[in-house]
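**Q** Need a 3D model of the following:
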Amino acid sequence: MSDITIYHNPRCSKSRQTLSLIEAAGQSPNIVEYLKVPPSVETLGTLIDHLGCAPTDIIRFKESLAAELGISKTDDRSRSDWLQLLADNPKLIERPIVTRGGRAVIGRPPENVQALL
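**A** Residues are numbered from 1 along each chain as shown. All right, here's what the predicted structure looks like:
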């Protein structure tokens, strides 16, 4: 079992490119298709901690779903509220997120993953 995990959307070109970079480095990552198996609030909290950012930093606010939900980065919500929103609406999660050994990066651009390889 690999110590690298990618939260992957196979329909996203950046996610596919990031996965290819990981595999080209000789790694066989654990692949979590987060739209099929959404991460829990607890998992999302861990990812945010490993990324060293706020929950709003991994939200795709330009996604039409964000407009439908009427959310913006400046909304006054608690961390747990944002995490619950992401757990309930995984389509809003920035992709891909790659983790290894207590660290994480967002694969935008895909070369960001090199920091974990």
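**Q** what's the closest non-adjacent residue to the residue most central in space within the chain?
**A** Nearest residue to the geometric centre of the chain (CA atoms, centre = their mean): residue 97, 3.6 Å. Nearest residue to residue 97 in three dimensions, chain neighbours excluded: residue 7, at 4.3 Å (CB to CB, 6 or more residues apart in numbering). Using the backbone N, CA and C atoms, a C-beta is placed for each residue, glycine as well.
**Q** Am I right that residue 31 is in a strand?
**A** Yes: under DSSP: H, G, I helix; E, B strand; the rest coil, residue 31 falls within a strand.
**Q** Burial check on the residue nearest to it when sequence neighbours are not counted, number of neighbours?
**A** Once flanking residues are discounted, residue 31 sits nearest to residue 8: 5.2 Å by CB to CB, 6+ apart. Using other CB atoms under 10 Å, residue 8 has 25 neighbouring residues.
**Q** how about residue 8, phi and psi?
**A** Per-residue torsions, residue 8: phi -120, psi 140 (degrees, to the nearest 10).
**Q** Start at 789, not 1
**A** Sure, I'll start counting at 789 from here, so that last one is residue 796.
**Q** How about the contacts made by it?
**A** 803, 806-807, 819-822, 883-884 (CB atoms under 8 Å, 6 or more residues apart in numbering).
**Q** Among those, which one sits closest to residue 875?
**A** Nearest to residue 875, judged by CB to CB, of the contacts of residue 796 is residue 822 at 10.3 Å.
**Q** shouldn't the closest one be in contact with residue 879?
**A** No: with contact defined as CB atoms under 8 Å, residue 822 and residue 879 do not form a contacting pair (9.2 Å).
**Q** These two: who's more crowded?
**A** Higher neighbour count among residue 822 and residue 879: residue 822, with 22 against 15, using other CB under 10 Å.
**Q** Could you list the low-pLDDT ranges of this structure?
**A** Scanning the chain with the threshold set as pLDDT under 70 gives 789.
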